[in-house]
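Visitor: build me a structure from this.
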Amino acid sequence: MICFVERINTAMNKGVDILDITPQLEKLVQKSGVQVGTLHATCLGSTGSLTCIEYEPGVVADLARCINELAPPGRDYQHERAWADGNGHSHVQAALLGPSLVVPVREGRCSLGTWQQVVVINHDLKPRTRKIEVTVIGR
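Guide: Prediction:
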C-alpha cells in the first residue's frame, strides 16, 4: 500500500475565481506510483472550495454566476456583524460547495469523465494563494 502526500499552491484572483487543477492532480498521481486507489484533495481555508465541472468558459461563467446567486455579496450576514470584513458570502459559498473531494485512481490516472475536470474556487474578496492538500492512497 502506498500513501503519497503533497500540496498544490495556486495563486488565484478575487472571487468567484475558478481554476482547473486537473493537470497538477494527474502529475501527483503519476509521481505517487499508485495504479489503483483514490486521490483525496482538500482546499485549506474557509473561503475556498473544490468541485468538478466541465472546464470551459460558458460553464465556468455559469457556475460563478450561480454561486453568487446562491449566496450573494451584499446580503445581511451575521459574519459581517461580528467581523465587518465584507466576506460573509465567501464563507457561505465555500461551505455550500465544500472543501474536499475524492477521485478514483485507475491505471495510474485520475478516473474522470471525458468532460470532467477538478477545479479549485476562491470565494474571497481578495486574491489568495489556495493550498490544496492531496493524498493518494492505493497500490
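Visitor: other SSEs contacting the helix or strand bottoming out on mean pLDDT in the chain?
Guide: Within the chain, no helix or strand scores below helix 78-83, which has a mean of 89 by mean pLDDT, DSSP states H and E. When contacts are defined as 3 or more Cβ pairs under 8 Å, 6 or more residues apart in numbering; DSSP states H and E, helix 78-83 sits against helix 88-97. Backbone N, C-alpha and C define where each C-beta goes, glycine included.
Visitor: which parts of the helix it packs on are buried?
Guide: Within helix 88-97, the residues that count as buried by 16 or more other Cβ atoms under 10 Å are 88-94, 97.
Visitor: which other residues reach the next helix or strand after that helix?
Guide: Reading on from helix 88-97 to the C-terminus, the next helix or strand found by DSSP states H and E is strand 100-106. For strand 100-106, contacts defined as Cβ atoms under 8 Å, 6 or more residues apart in numbering pick out 25, 29, 34-43, 50-52, 110-112, 118, 136, 138.
Visitor: where along this protein do the helices fall?
Guide: For the chain, the helices defined by DSSP state H cover 22-32, 57-70, 78-83, 88-97.
Visitor: and these as a markdown table, adding distance to residue 10?
Guide: A markdown table is the format used below for the helices of the chain (distance: least, Cβ to Cβ, whole Å):
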| stretch | distance to residue 10 |
| --- | --- |
| helix 22-32 | 8 |
| helix 57-70 | 15 |
| helix 78-83 | 24 |
| helix 88-97 | 15 |
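Visitor: hey, least reliable of those by pLDDT?
Guide: Least confident of the helices of the chain, judged by mean pLDDT, is helix 78-83 with a mean of 89.
Visitor: so what's the gap between that one and the chain middle?
Guide: Chain-centre distance of helix 78-83: 25 Å, with Cα atoms, centre = their mean, to the nearest Å.
Visitor: may I have that helix as PDB, with CA atoms only?
Guide: Extracted in PDB, the C-alpha atoms of helix 78-83 (Å, rounded to 0.1, in the frame of the first residue of the first chain):
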ATOM      1  CA  GLN A  78     -24.200  37.500  10.700                       C
ATOM      2  CA  HIS A  79     -20.500  37.200  10.000                       C
ATOM      3  CA  GLU A  80     -20.500  40.800   8.900                       C
ATOM      4  CA  ARG A  81     -22.000  41.900  12.200                       C
ATOM      5  CA  ALA A  82     -19.200  40.100  14.100                       C
ATOM      6  CA  TRP A  83     -16.200  40.900  11.800                       C
END
